[in-house]
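Q: I'd like to go over a predicted model; first the sequence, then the structure.
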Amino acid sequence: MPVVSRRHLLRSAAAALGVGALARLGVRPAFAADGDGAVIGTSQGGQPLTIYRYGNGPMKLFIMGAQHGGPEANTNELARMLMASFTETPGQIPSNVSVWVMPEANPDGLANGVRQYNSGVDPNRNWGTGDWQADAFDSNGKFTPGLGGAAPFSEPETSALANWLWTVWPHYTINYHSVGGFMFGGGSGLEGELSDLYSQASGYPRPTGGGGGGSPLSYRATGNMNGWVRGVGMGGCLIELASVRDPEFKRNLAGVHAVLNRLGQG
Ligand SMILES: [Zn+2]
């Protein structure tokens, strides 16, 4: 039974109430060199949950692949291709920017060819948003009992990532999924600007509309990570690649470059 940090839950609740600035700790994990990985936790199947860092600046970008495991394996491929690109050409990352990449957000699902964690809980329905519920719709719009978990952050993978995010507090999170051919994200200020830039550079349309009315999904994605990230005041987007297999590297590299260049301006 995973233990969820009570402190974390309290912080989440406080943040959801609009006092999110209370703990922007600015703790910097000790990475010696670009491309180094930090293990932030362990999956239910015993695999490490690893996040890799490139660059060292105060403006922070977080990129994530394979939250939905094997059926969305092209997002893992994309994240790994971005990592290889950052290693090959470090100059892509402005000096005042840090990039963290988590290529295997759900390593068990990736290994087993399924979207869910080993528990059967969906990695993108288990977050402490206002609309979280235990029973939820899966990525195919099928309503499934227990898909959201017993409680928000009930799963060790979700709670490890939430705690890491809370500690590092990225300015923007890019969460890759497939398949859809659009992106969610927006808001105002820097977050909105970065989402616009990504959409323009990559060509993924970004449906807009008040109160979530612009969602192209036919079902409600309750307790999703993007909702939590944005709800606590971090910026973020979710990108649905247009293809099931193609990592769509070129257009996403263009989107990432647009975001990096804007973050580079501080
Ligand atoms: Zn997905």
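A: That came through fine. Residues are numbered from 1 along each chain as shown.

Q: can you give me the helices in this structure?
A: Ranges of helices within the chain are 6-14, 73-88, 107-112, 156-168, 189-202, 225-231, 249-263, based on DSSP state H.

Q: flag every buried residue along stretch 227-245.
A: Buried residues in stretch 227-245, counted by 16 or more other CB atoms under 10 Å: 227-241. (C-beta placed from N, C-alpha, C; glycine too.)

Q: relative to the ion, which of the residues you listed is nearest.
A: Comparing the buried residues of stretch 227-245 against the ion with CB to the ion places Glu240 closest, at 7.3 Å.

Q: any idea how far the residue lying closest to Pro58 once chain neighbours are set aside lies from the ion?
A: Leaving aside its sequence neighbours, Pro58 sits nearest to Asn96 (CB to CB, 6 or more residues apart in numbering; 6.1 Å). Distance of Asn96 to the ion, given as CB to the ion, to the nearest Å: 32 Å.

Q: same question for Ala254.
A: Distance from Ala254 to the ion, by CB to the ion: 22 Å.

Q: wait, what's in contact with that residue?
A: Going by CB atoms under 8 Å, 6 or more residues apart in numbering, Ala254 touches Ala201, Ser202.

Q: below-threshold pLDDT in the stretch 151-266 of the chain: ranges please.
A: 209-215 (pLDDT under 70).

Q: before we move on, the earlier item: got CSV for the helices of the chain, with distance to Gly141 too?
A: Shown next, in CSV, are those (distance: least, CB to CB, whole Å):
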stretch, distance to Gly141
helix 6-14, 28
helix 73-88, 20
helix 107-112, 19
helix 156-168, 22
helix 189-202, 24
helix 225-231, 18
helix 249-263, 25
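
Q: how about those helices, which one is nearest Asp131?
A: Nearest to Asp131 among these is helix 225-231 (7.1 Å), distances taken as CB to CB.

Q: just flag the most distant two among the buried residues of stretch 227-245.
A: Gly233 and Leu241 (27.0 Å).

Q: okay, the spatially closest residue to Asn261 that is not a sequence neighbour: pLDDT?
A: Of all residues not flanking Asn261 in the chain, Pro94 sits nearest, at 7.1 Å (CB to CB, 6+ apart). With respect to pLDDT, Pro94 scores 97.

Q: can you tell me how far Pro94 is from Gly235?
A: Pro94 sits 17 Å away from Gly235, going by CB to CB, to the nearest Å.

Q: rewinding a little: how far away is the residue nearest to Pro58 from Thr167?
A: For Asn96, the distance to Thr167 (CB to CB) stands at 20 Å.

Q: next: Glu157.
A: Counting by CB to CB - Glu157 and Thr167 are separated by 16 Å.

Q: so Ala258 sits against Ala201, correct?
A: Yes - under the criterion of CB atoms under 8 Å, Ala258 makes contact with Ala201 at 3.8 Å.

Q: near the ion, which residues of the chain?
A: For the chain, the residues in contact with the ion (CB under 5 Å from the ion) are His68, His177.

Q: in the stretch 101-250 of the chain, which residue sits closest to the ion?
A: For the stretch 101-250 of the chain and the ion, the shortest gap (CB to the ion) falls at His177, measuring 3.3 Å.

Q: which residue sits closest to that residue, ignoring its sequence neighbours?
A: Glu240 (5.1 Å).

Q: and that neighbour, what does it touch?
A: His177, Ser178, Val179, Gly180, Gly181, Phe182, Met183, Tyr204.

Q: for it, give the beta-bridge partners.
A: Following DSSP bridges, Glu240 is listed with bridge partners His177, Phe182.

Q: which ones are touching the residue nearest to the spatial centre of the chain?
A: Centroid-nearest residue in the chain: Asn175, 3.7 Å away (criterion: CA atoms, centre = their mean). Residues in contact with Asn175 (CB under 8 Å, 6+ apart) are Met64, Gln67, Met225, Asn226, Gly236, Cys237, Leu238, Ile239.
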